[in-house]
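Undergrad: sequence plus predicted model, see below.
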Amino acid sequence: MQLNIRCNPSSGDLKLTMDQSKTVFCLRQALAKELKVPLDRFYLCYDQETLSDDNTLEDYGVQSGAVLFCVIRPPSDQVLSVRLDDGAILPVTYQITDTVQKIKRIIGEMAYGRRCPMLVFFKGVLMEDAKMLKDCGIVPKCELAAYRQVL
């Protein structure tokens, strides 16, 4: 059967042919070769459900012409660990050209569901909003500390 795979962040659908009795793992292996992305960096969704490698496409009711969504995770070296004031660790995807202000907004939305005033520190030094992460000495897999600012 013909499947349409819609990938993130790519545009357009990728077309693959796969037997309905094949496992999700078989489909992911074929997709990994096509996309040149390791298996551990993506997963598939269909009908608002994350597909498990052990199940068949038939188990999920996937029919020919169906659209499956491929969610590609960023490389682990593009993730910061942010320690919040309550001790929780929050993984934050970033680009080295992101500003501190953007990272603060992302942290607020992820941790508290909204934008909120934050103080962010790297190696004990308060980070300035306008600076890019690359100008603050941020390297892959480093840790930041973030505190909600009470006004």
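TA: Thanks, I have it. Numbering: from 1, shown residues only.
Undergrad: contacting residues for the residue nearest the centre of the chain?
TA: When Cα atoms, centre = their mean is applied to the chain, the residue found nearest the centroid is residue 73 (4.1 Å). Counting by Cβ atoms under 8 Å, 6 or more residues apart in numbering, residue 73 touches 41, 42. C-betas here are computed from N, CA, C, even on glycine.
Undergrad: quick check on it: phi, psi?
TA: phi -80, psi 150 (degrees, to the nearest 10).
Undergrad: look at it and report its pLDDT.
TA: Note for residue 73: predicted pLDDT of 78.
Undergrad: the domain parsing of the chain - what is it?
TA: Domains of the chain are assigned by automatic domain parsing as 2-72, 77-148.
Undergrad: can you redo those as TSV with mean neighbour count?
TA: Output for the domains of the chain, formatted as TSV (neighbours: other Cβ atoms under 10 Å):
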stretch	mean neighbour count
domain 2-72	15
domain 77-148	15
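Undergrad: show me the helices in this structure, by range?
TA: Using DSSP state H, the helices found in the chain span residues 24-35, 100-112.
Undergrad: off-centre distance for the shortest one?
TA: Here helix 24-35 shows a centroid-to-chain-centroid distance of 19 Å under the convention Cα atoms, centre = their mean, to the nearest Å.
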